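Asks: Got a sequence here, can you build the structure:
(one chain, ligands or ions: 1)
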Amino acid sequence: MFQHVIVKTPCKAMINGITDHPELGMPDYEKALIQHTAYVETLKKCGVDVTVLPPDEEYPDSCFVEDPAIVTKYCAIITNPGAPSRKGETTAIEAALQAFYPSDKIFHISAPGTLEGGDVMMCGDTFYVGESARTNAEGIHQLTEILKPFGCKVEAVPLSEVLHLKTGVSYLEENNMLTAGEFCTKPNFESYHKLQIPQDEAYGANSIWVNGTVIVPAGYPAVQAAVEAQGYKVLVCDTSEFRKIDGGLSCLSLRF
Ligand code: CIR
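Replies: Below you'll find the predicted structure:
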């Protein structure tokens with residue numbers, strides 16, 4: 001179960017966030033703020049307290065708090081984001097996490113290792129980590145060493161189609177995994193029960209489990225139906241403006 005969530009209000013500069021999909025257009029900032037507020041309200045319905053960090057105009061992508069840290073029930077890890085424009089986001093996140101973790105339970109990924117939280121999927125005590133354009137083998141090695149003393153295992157997952165691991169796969173607990181594209185067939189996930197998403201709804205694979213409820217992005221009816229058919233309560237959130245800069249539901253919060 002999760003008790004705490006950290007989010008960060010999008011800054012105006014978010015309209016210039018990194019994107020591989022310029023054809024979707026620039027985000028509408030006012031709309032993004034409304035969607036972000038609704039996201040926070042939805043999370044609160046799942047029984048967590050939500051800490052909202054102030055916007056930071058220096059970092060266009062800083063609302064995607066999932067990337068500069070990994071939060072577990074054992075410890076927190078401050079990452080070294082692979083995107084140069086995102087490296088400085090870690091300072092504010094570390095300060096926020098100090099309210100929840102003692103200093104000897106806060107660890108760091110350091111250069112030449114790079115790692116972004118969007119590449120890390122926690123399935124119980126196994127952490128799957130996408131080896132991506134943002135996360136390198138050295139970053140994965142450092143994470144492995146940090147988590148080992150806590151009895152946790154790290155498994156690297158090579159990526160070919162997506163930005164981050166969790167762009168295309170979400171763990172819904174109870175051995176259930178929501179998968180799109182390359183993740184429907186990856187040998188790493190053989191033992192899980194997969195809810196496979198049609199390619200035209202692949203963005204919906206980035207859904208989040210929060211205390212028994214699954215939050216699904218608005219506009220992905222096949223995803224919603226598959227998750228409901230599995231017996232989960234579903235809440236829907238519109239993330240259209242964040243999608244334009246390659247962000248989704250999981251990227252917008254740290255849950256622990
Ligand atoms: C970026 O490219 O870094 C941001 N525009 C999107 C980050 C999305 N985060 C995530 O998937 N965890």
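Asks: Give me the buried stretch members for stretch 149-166, please.
Replies: Under the neighbour-count criterion of 16 or more other CB atoms under 10 Å, stretch 149-166 has 152, 154, 156-157, 159, 162-166 buried. Using the backbone N, CA and C atoms, a C-beta is placed for each residue, glycine as well.
Asks: Just the CA trace of stretch 151-161, in PDB.
Replies: Presented in PDB, the C-alpha positions along stretch 151-161 are these (Å, rounded to 0.1, in the frame of the first residue of the first chain):
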ATOM      1  CA  GLY A 151      17.200  -8.200  -0.400                       C
ATOM      2  CA  CYS A 152      16.000  -6.700  -3.700                       C
ATOM      3  CA  LYS A 153      16.900  -7.900  -7.100                       C
ATOM      4  CA  VAL A 154      17.400  -5.800 -10.200                       C
ATOM      5  CA  GLU A 155      16.900  -7.100 -13.700                       C
ATOM      6  CA  ALA A 156      17.800  -5.100 -16.800                       C
ATOM      7  CA  VAL A 157      15.400  -4.900 -19.700                       C
ATOM      8  CA  PRO A 158      16.800  -3.800 -23.100                       C
ATOM      9  CA  LEU A 159      14.300  -1.300 -24.800                       C
ATOM     10  CA  SER A 160      13.900  -0.700 -28.400                       C
ATOM     11  CA  GLU A 161      10.600   1.100 -29.000                       C
END
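Asks: mind listing which of the buried residues of stretch 149-166 are in strands?
Replies: 154, 156-157 (DSSP state E).
Asks: between the residues you listed, which is nearest the ligand?
Replies: V157 (14.5 Å; CB to the nearest ligand atom).
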